[in-house]
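> Pasting a predicted model and its sequence here:
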Amino acid sequence: MPELDFEKIYKNIKSGASKKYKGKASCIMLLKSISAFGSIPKFLVQANIGMTTFYSWRNKYEEFNECYELGKMIGFNNWFDDGELNKDNEEFNVKHWESKGKIHHDYCKQAKIRLNVDSKADPYKQCQQILEQANKGEFDSSELKQVMESINVGIRAHEAFKMQEELDQIKSDLLQLRDDTHG
């Protein structure tokens, strides 16, 4: 690995130059890094950006996010093909290959659950959206259990708030009725 010029890196950060999205160049660099190495850090060092900027770009630029997703799939495919090509090779280090898959390709899922739900929807709709994800096989059974338990807590809190609103309205109506009959 070439020696890093920390002075230059600092100057780029200080000037804000490192945070500038470069469109096609950023996407191609991302595709190459993610597909070859299967990890974000290689790209971050090459692009001279931090994780915050990386996630900002993913949220702001659809093509960048698509390149990231595709790069991950290419990297995973390359890793998988490497295992297939070497399955009969006695010198192939299977443990290292599996470790690389776990670390770089979510081969054994990390402790993150990614939900694709409308944050503004009520808990009932969110529950439906999560069940749709589960039907597509996006969660294993323990992940689904954890998510559903959390959603159930959210539903109960939502119901309690709605009930409180109804009680407040009934109280207001009763006070208005009392004032109307005594007034």
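It's in.

> just checking, what packs against the helix or strand bottoming out on mean pLDDT in the chain?
Ranking every helix and strand in the chain by mean pLDDT, DSSP states H and E puts helix 94-104 at the bottom, with a mean of 73. Helix 94-104 sits against helix 62-85, with contacts defined as 3 or more Cβ pairs under 8 Å, 6 or more residues apart in numbering; DSSP states H and E. Every residue, glycine included, has its C-beta placed from N, CA and C.

> Would you map out the domains in the chain?
Domain ranges of the chain: 1-108, 110-183, per automatic domain parsing.

> Give me whichever of those domains is most buried.
domain 1-108 (a mean of 14; mean count of other Cβ atoms under 10 Å).

> distance between that one and the chain's centre?
15 Å (Cα atoms, centre = their mean, to the nearest Å).

> Following the chain past the helix or strand hosting residue 8, name the next helix or strand.
In this assignment (DSSP states H and E), residue 8 forms part of helix 6-15. Next helix or strand after helix 6-15 toward the C-terminus (DSSP H and E): helix 24-37.

> Check which element follows that following helix along the chain.
helix 40-47.

> For whichever helix or strand comes after that following helix, enumerate the helices and strands it packs against.
As assigned by DSSP H and E, the chain's next helix or strand after helix 40-47 is helix 51-60. Judged by 3+ Cβ pairs under 8 Å, 6+ apart, helix 51-60 is in contact with helix 40-47, helix 62-85.

> hmm, who's touching the shortest one?
Contacts with helix 40-47, where a contact means Cβ atoms under 8 Å, 6 or more residues apart in numbering, come from 4, 18, 26, 29-30, 33-34, 36, 50-51, 54.

> swap the cut-off to 10 Å and go again
1, 4, 9, 18-19, 21-22, 25-26, 29-34, 36-37, 49-51, 53-55, 57, 68, 71-72, 104 (Cβ atoms under 10 Å, 6 or more residues apart in numbering).

> Can you tell me how far residue 22 is from residue 71?
For residue 22, the distance to residue 71 equals 16 Å [Cβ to Cβ, to the nearest Å].

> now do residue 55
From residue 55 to residue 71 the distance is 15 Å (Cβ to Cβ).
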